[in-house]
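> generate coordinates for the sequence data below:
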Amino acid sequence: MALPATAETVRAFRERLGLPGLVDVHTHFMPDRVMRKVWDYFDAAGPLTGVTWPITYRHEEEQRVALLREFGVRAFTSMLYPHKPAMAAWLNAWAEDFAARTPDCLHTATFFPEEDAAAYTARAVERGARVFKAHLQVGAYNPNDTLLDPVWGLLAEAGIPVVIHCGSGPVAGPHTGPGPVARLLARHPRLALIIAHMGMPEYAEFLDLADRYPEVRLDTTMAFTDFSEQFSGFPPRDLGRLAGLGDRILLGTDFPNIPYPYEHQLEALERLGLGDDWLRAVCHDNGARLFSLLG
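From the prediction side, this is the model:
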């Protein structure tokens with residue numbers, strides 16, 4: 001495993017590829033007390049998953065933002081998510097403020113199946129939200145809950161991407177796996193879903209959905225790394241499919257909640273051997289195009 005990431009190491013990766021920066025669609029910034037509860041969860045991940053999960057970047061918010069900038073990340077997100085009702089609107093207010101004071105953060109929002117979900121989602125869109133986060137594992141909700149129907153309809157119509165943790169890794173939930181998402185897309189085929197973690201461990205099934213629906217994308221978060229390959233390896237037979245979907249795969253890292261240095265995600269992508277053009281698209285161009293950052 002590499003030593004803790006340095007700006008020089010990541011800069012060398014970018015310079016070799018001729019990239020102006022990285023676009024990381026899966027990074028976490030949350031209210032401090034919520035982030036610390038998330039870290040507590042990962043501190044206990046050993047008993048939950050059988051795998052020790054140290055947090056490499058357990059720093060204060062200002063230092064975490066500074067690190068991403070040092071790494072040359074030109075755009076990132078504040079992925080945050082509720083685990084119960086009456087939480088999402090408050091998180092959205094915090095995320096709006098964070099984006100206002102952090103111009104390189106894409107304004108992020110979230111939702112939960114509850115009576116006012118449509119109203120606060122519409123409000124977030126009106127106030128400039130550019131990406132949403134849905135976490136089916138932590139939230140333990142069905143994406144096909146009727147309370148969410150107007151939410152999905154609004155986001156599909158607006159073309160706003162939703163990063164959705166729907167795979168069954170690291171621990172399966174009552175509504176994880178490809179089935180619920182397949183039913184959701186059958187009703188809302190224009191949804192711009194970004195399947196977090198490449199759909200780990202149901203990689204092939206989520207690649208199937210990307211084949212079927214042109215607005216479905218996948219992010220690389222933790223996939224292909226030494227850590228994930230221990231318990232949820234990507235099937236070698238599907239490497240060719242990654243090449244074929246090269247315009248719809250986006251860099252994601254899970255920073256700061258990763259048990260290895262930031263650069264390791266980049267190394268893991270490079271060693272797939274899919275070529276420099278593929279790496280350029282995944283690490284910058286696809287995200288820049290999706291969020292209109294080109295130019």
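
> Val171: neighbour count?
10 (other CB atoms under 10 Å). C-beta coordinates here come from the backbone N, C-alpha and C atoms, glycine included.

> please disregard the earlier target; I meant Phe234.
Neighbours of Phe234 using other CB under 10 Å come to 20.

> what sits against it?
Met198, Tyr203, Ala223, Phe224 (CB atoms under 8 Å, 6 or more residues apart in numbering).

> and it, what helix or strand is that in?
Phe234 is part of no helix or strand, with elements assigned from DSSP states H and E.

> and it, what pLDDT?
On the pLDDT scale, Phe234 is placed at 98.

> next, the buried residues of stretch 240-250.
Arg241, Leu242, Leu245, Gly246, Arg248, Ile249, Leu250 (16 or more other CB atoms under 10 Å).

> which members of those occur in strands, if any?
Using DSSP state E, the members of these that fall in strands are Ile249, Leu250.

> that older thread, kindly reformat the contacts of Phe234 as TSV containing neighbour count and secondary structure.
What follows is those, written out as TSV (neighbours: other CB atoms under 10 Å; DSSP: H, G, I helix; E, B strand; the rest coil):
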residue	neighbour count	secondary structure
Met198	27	helix
Tyr203	23	helix
Ala223	28	coil
Phe224	22	coil
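
> list the contacts for the residue nearest to Gly287 when sequence neighbours are not counted?
Using CB to CB, 6 or more residues apart in numbering and skipping the chain neighbours, the partner closest in space to Gly287 is Val23 (3.1 Å). By CB under 8 Å, 6+ apart, Val23 lies in contact with 73-76, 250-251, 283-284, 286-288, 291, 293.

> now pLDDT, secondary structure and distance to Asp277 too, for those residues, in TSV please.
Shown next, in TSV, are those (pLDDT from 0 to 100; DSSP: H, G, I helix; E, B strand; the rest coil; distance: CB to CB, whole Å):
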residue	pLDDT	secondary structure	distance to Asp277
Val73	98	strand	21
Arg74	97	strand	19
Ala75	98	strand	21
Phe76	98	strand	23
Leu250	98	strand	15
Leu251	99	coil	15
Cys283	98	helix	11
His284	98	helix	12
Asn286	98	helix	12
Gly287	98	helix	15
Ala288	98	helix	15
Phe291	98	coil	20
Leu293	95	coil	19
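
> tabulate those (a markdown table), appending distance to Ala12.
Listed next are the contacts of Val23 as a markdown table, based on distance: CB to CB, whole Å:
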| residue | distance to Ala12 |
| --- | --- |
| Val73 | 15 |
| Arg74 | 17 |
| Ala75 | 21 |
| Phe76 | 20 |
| Leu250 | 22 |
| Leu251 | 17 |
| Cys283 | 13 |
| His284 | 15 |
| Asn286 | 22 |
| Gly287 | 20 |
| Ala288 | 21 |
| Phe291 | 25 |
| Leu293 | 22 |
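
> where does the stretch 101-250 of the chain dip in pLDDT?
The stretch 101-250 of the chain contains no residues with pLDDT under 70.

> for it, which segments count as helices?
Remark: helices assigned in the stretch 101-250 of the chain by DSSP state H, counting those that start in this stretch are 117-126, 136-139, 149-158, 178-187, 203-212, 226-229, 239-244.

> and among those helices, the most buried is which?
Ranked by mean neighbour count, the helices of the stretch 101-250 of the chain are led by helix 136-139 with a mean of 20 (mean count of other CB atoms under 10 Å).

> which elements pack onto it?
strand 162-165 (3 or more CB pairs under 8 Å, 6 or more residues apart in numbering; DSSP states H and E).

> so what touches the strand it packs on?
Against strand 162-165 from outside (CB under 8 Å, 6+ apart): 25-26, 77, 79, 81, 131-138, 143, 155, 181, 191-197, 219, 252.
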